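*Asks:* My questions are about this predicted structure, shown below with the sequence.
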Amino acid sequence: QVQLVESGGGLVQPGGSLKLSCVASGFQFADYHMGWYRQAPGKERELVATIDDISYRTNYADSVKGRFTIWRDNVERAVYLQMASLRPQDTAVYYCHAQYSRAIGGAQYWGQGTQVTVSP
């Protein structure tokens, strides 16, 4: 049974920090690119950050570059997102994502999401 379980969301003031965690089970974690996406009310889901399976190459949305950091631990089967200098526009549900890297069009999985609210 595939699971991506996110945690770490919450309410934080502007300028604050949060660390999101996503623990995976039920699939070969090391064979998957991992990422974080977010969806704000009334908006489409958008990419926040991704990290490759082998090279650990990272990619960030322009809106979070320099403020967010993604990393993964293949032993712990986890991916993390450290968010700093948070802004009200970062408010969204944040989703963990896994994309099979060994073939085009391979399996992908989503977590259930964790709410991040940035407000005074």
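*Replies:* Yep, that arrived. Numbers count the residues shown, from 1 in each chain.

*Asks:* what about the residue nearest the centre of the chain, distance to Ala103?
*Replies:* Centroid-nearest residue in the chain, with C-alpha atoms, centre = their mean: Trp36, separated by 2.2 Å. Distance of Trp36 to Ala103, given as C-beta to C-beta, to the nearest Å: 23 Å. All C-beta atoms are positioned from the backbone trio N, CA, C, and that covers glycine.

*Asks:* check contacts around Gly26.
*Replies:* Neighbouring residues of Gly26 by C-beta atoms under 8 Å, 6 or more residues apart in numbering: 1-3.

*Asks:* My error: substitute Ser101 in the last question.
*Replies:* Contacts of Ser101 by C-beta under 8 Å, 6+ apart are 31-33, 52-54.

*Asks:* got it, and Asp52?
*Replies:* 33, 58, 101.

*Asks:* Kindly recompute the last result at 6 Å.
*Replies:* Contact analysis of Asp52 by C-beta atoms under 6 Å, 6 or more residues apart in numbering lists His33.

*Asks:* Distance of it relative to Gly15?
*Replies:* 31 Å.

*Asks:* just to revisit the earlier point, give the buried subset of the contacts of Ser101 as a ChimeraX selection command.
*Replies:* The ChimeraX selection below is limited to those of the contacts of Ser101 classed as buried (16 or more other C-beta atoms under 10 Å):
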select :31,32,33,52,53
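
*Asks:* right, and out of the contacts of Ser101, which lies closest to Tyr109?
*Replies:* Tyr32 (8.1 Å; C-beta to C-beta).

*Asks:* Could I get the phi/psi values of the closest residue to that closest one other than its chain neighbours?
*Replies:* Nearest residue to Tyr32 in three dimensions, chain neighbours excluded: Ala98, at 4.4 Å (C-beta to C-beta, 6 or more residues apart in numbering). Main-chain torsions, Ala98, degrees, to the nearest 10: phi -130, psi 130.

*Asks:* repeat for Val116
*Replies:* phi -120, psi 120.

*Asks:* List the contacts of it.
*Replies:* Applying C-beta under 6 Å, 6+ apart, the residues near Val116 are 9, 94.
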